[in-house]
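Colleague: Based on what follows, work out the 3D shape:
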Amino acid sequence: MFNILKINNISKYYGNKSSLTKALDDLSMEVEKGQFVAIMGASGSGKTTLLNTISTIDNVTSGHIIIDDKDITTLKGPKLNKFRREELGFIFQDFNLLDTLTAYENIALALQIQNIKATEIEGKINEIAEKLNIKKVLNKYPYEMSGGQKQRIAAARAVITNPKLILADEPTGALDSNSAKRLLEIFQVLNEELESTILMVTHDAFTASYASRVIFIKDGKIFNEFIKGNDTRKIFFEKIIDVVSLLGGDGNDVI
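Modeller: Down below sits the predicted model:
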């Protein structure tokens, strides 16, 4: 299987010589195309820094991050902006929808930025709206939608450009339990039916149990990881909880 993401010995330091913080410590990992990976770890473990470096929001101090055979640690300026725009999809906890645009227009904007023809945009949006069950809200503005609906619109916007990698930062953090469950089921559709590769930072075991692989970060290094395989989600959840307890928290405390 092709590795869409390769992380080779990355380290990230903050501060100066008198007060140096090591957020990532010679960390290496790979993610196969089509995997749904959750990243967990205690506060300060480095998991958010890891996501930020993969998303090109932050730079590594040393090491290399390779996405689809492109070393993104060497990209700068317009080339970096082009890569971020065309190869990555983002889903945030606070949705990041534009309030002055309808749901349809928010999704279309991602395609317009890539200069997709207007005649193609409608077909692409209708196709993804059908899969994510959002056709009835396409003409609504964000303030007219529930949190769950807004997050599904954000998911549609992230996947509509067919990115190499979808990065999700605490996507269920602002949702009630029912909306969170529906969104996670949407993620499974994106992963299983559209073969989207998803890398998700999450704060609880329930959310992580929807992934096919869970990586635990501690002190800037990989502490443990599980592949779901043939396990039921319940069994996978219990395995995750066991590691969470070793890290010093419960299912809703590990962030």
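Colleague: Every contact and neighbour count from this point should use C-alpha atoms.
Modeller: Noted.
Colleague: Excluding chain neighbours, what is closest to residue 24?
Modeller: Counting by C-alpha to C-alpha, 6 or more residues apart in numbering, residue 24 lies nearest to residue 220, which is 3.9 Å off, once chain neighbours are set aside.
Colleague: Give the burial count for that neighbour, as a bare number.
Modeller: Close neighbours of residue 220, defined as other C-alpha atoms under 10 Å, add up to 22.
Colleague: If you tally nearby residues, what's the number for residue 184?
Modeller: Residue 184, neighbours per other C-alpha under 10 Å, totals 20.
Colleague: Correction: the previous question concerned residue 17.
Modeller: Residue 17: 7 neighbours (other C-alpha under 10 Å).
Colleague: Which residue ranges of the stretch 101-250 of the chain form strands?
Modeller: With DSSP state E, counting those that start in this stretch as the criterion, the stretch 101-250 of the chain has strands at 165-169, 198-201, 213-218, 221-227.
Colleague: quick check: angle from the third one to strand 221-227?
Modeller: Spelled out, that is strand 213-218. Interaxial angle, strand 213-218 versus strand 221-227 (axes from the mean of the first three to the mean of the last three C-alpha atoms, to 10 degrees): 160 degrees.
Colleague: next one: strand 213-218 to chain centre, how far?
Modeller: On the basis of C-alpha atoms, centre = their mean, to the nearest Å, strand 213-218 sits 14 Å off its chain's mean C-alpha point.
Colleague: Could you export it as PDB, keeping only the C-alpha atoms?
Modeller: In PDB, the C-alpha atoms belonging to strand 213-218 read as follows (Å, rounded to 0.1, in the frame of the first residue of the first chain):
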ATOM      1  CA  ARG A 213      -5.800   3.300  13.600                       C
ATOM      2  CA  VAL A 214      -5.100   5.200  16.700                       C
ATOM      3  CA  ILE A 215      -1.600   6.700  17.500                       C
ATOM      4  CA  PHE A 216      -0.800   7.900  21.000                       C
ATOM      5  CA  ILE A 217       1.700  10.700  21.500                       C
ATOM      6  CA  LYS A 218       3.600  11.300  24.800                       C
END
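Colleague: Give me the residues contacting that strand.
Modeller: Strand 213-218 has contacts (C-alpha atoms under 8 Å, 6 or more residues apart in numbering) with 35-42, 45-47, 208, 222-228, 240, 247.
Colleague: so what strands line up beside it?
Modeller: strand 36-41 (parallel), strand 221-227 (antiparallel) (DSSP bridges).
Colleague: how big is the angle separating the next helix or strand after the shortest one from strand 213-218?
Modeller: Okay, so that is strand 36-41. Per DSSP states H and E, the first helix or strand lying C-terminal to strand 36-41 is helix 47-54. For helix 47-54 against strand 213-218, the angle by the same axes, to 10 degrees is 110 degrees.
Colleague: For helix 47-54, the averaged confidence score.
Modeller: Per-residue pLDDT over helix 47-54 has a mean of 94.
Colleague: if we can go back for a sec, which one, of the strands paired with strand 213-218, ends up nearest to residue 29?
Modeller: strand 221-227 (8.4 Å; C-alpha to C-alpha).
Colleague: quick one: buried residues of that closest one?
Modeller: 221, 222, 225, 226 (16 or more other C-alpha atoms under 10 Å).
Colleague: now stretch 94-103
Modeller: 94, 95, 97, 101, 102, 103.
Colleague: Also stretch 31-41?
Modeller: Result for stretch 31-41 [16+ other C-alpha under 10 Å]: buried residues 31, 33, 34, 35, 36, 37, 38, 39, 40, 41.
Colleague: so which one among those has the lowest pLDDT?
Modeller: Minimum pLDDT across those is recorded for residue 41, with 91.
Colleague: ok, it to residue 204 distance?
Modeller: Look at residue 41 and residue 204: by C-alpha to C-alpha, to the nearest Å, they are 10 Å apart.
Colleague: With residue 53 instead?
Modeller: Counting by C-alpha to C-alpha, the gap from residue 53 to residue 204 is 22 Å.
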